[in-house]
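**Q** have a look; sequence and predicted model below, questions after that.
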Amino acid sequence: MWFVFRMYGIKGLQAYIRKHVALSHEFESLVRQDPRFEICTEVILGLVCFRLKGSNELNETLLQRINSAKKIHLVPCRLRDKFVLRFAVCSRTVESSHVQLAWEHIRELASSVLRAQK
């Protein structure tokens, strides 16, 4: 922690954390605007837990497609027996444009997964 405080200072660290929290809430807002998705937990710090409405298998397929494309990387978890995707805002250089691009990529792959399911 000493190095982090030395590098950022108190005000710099506060700004860094606030920026990541704001970007995670921006992502949450994007997810909530798409009726195919749901937010699974309260957004805390830089972590957004979300999923496609539907089966666990559907979400596992979406995660596999996202990670196979290698544009972004998501990590799953299980909440109340539901397979959930986790979007973490954690890069030092992340900006709103990165969040927007990641969401667009997720939406495109979700559309592809849902089309294949029909």
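**A** Okay, I see it. Numbers count the residues shown, from 1 in each chain.
**Q** that's a helix at Asn59, yeah?
**A** Yes. Assessed with DSSP: H, G, I helix; E, B strand; the rest coil, Asn59 lies in a helix.
**Q** surely it touches Leu79?
**A** No. Counting by Cβ atoms under 8 Å, no contact exists between Asn59 and Leu79, whose distance comes to 11.3 Å. The way it works is simple: take the backbone N, C-alpha and C, and place the C-beta from them, glycine included.
**Q** of those two, which one has the most company?
**A** Asn59 (21 against 13; other Cβ atoms under 10 Å).
**Q** now Leu114: how far from Asn59?
**A** As judged by Cβ to Cβ, to the nearest Å, Leu114 and Asn59 stand 11 Å apart.
**Q** stretch 28-40 - what's its average pLDDT?
**A** For stretch 28-40, mean pLDDT rounds to 98.
**Q** who's in contact with that stretch?
**A** 43, 48-53, 79, 82, 84, 99-100, 103, 107, 110, 114 (Cβ atoms under 8 Å, 6 or more residues apart in numbering).
**Q** and these, which of them are buried?
**A** Neighbour-count burial (16 or more other Cβ atoms under 10 Å) applied to the contacts of stretch 28-40 gives Val43, Val48, Cys49, Phe50, Arg51, Leu52, Val84, Val99, Trp103, Ala110.
**Q** from the middle of its chain, how far away would stretch 3-14 be?
**A** Its chain's C-alpha centre and that of stretch 3-14 lie 25 Å apart, by Cα atoms, centre = their mean, to the nearest Å.
**Q** I meant to write stretch 94-106 there.
**A** 9 Å.
**Q** repeat for stretch 70-78
**A** So, by Cα atoms, centre = their mean, the centroid of stretch 70-78 is 8 Å from its chain's centroid.
**Q** show me what counts as buried in that stretch.
**A** For stretch 70-78, by 16+ other Cβ under 10 Å, it's Leu74, Pro76.
**Q** that'll do, ta.
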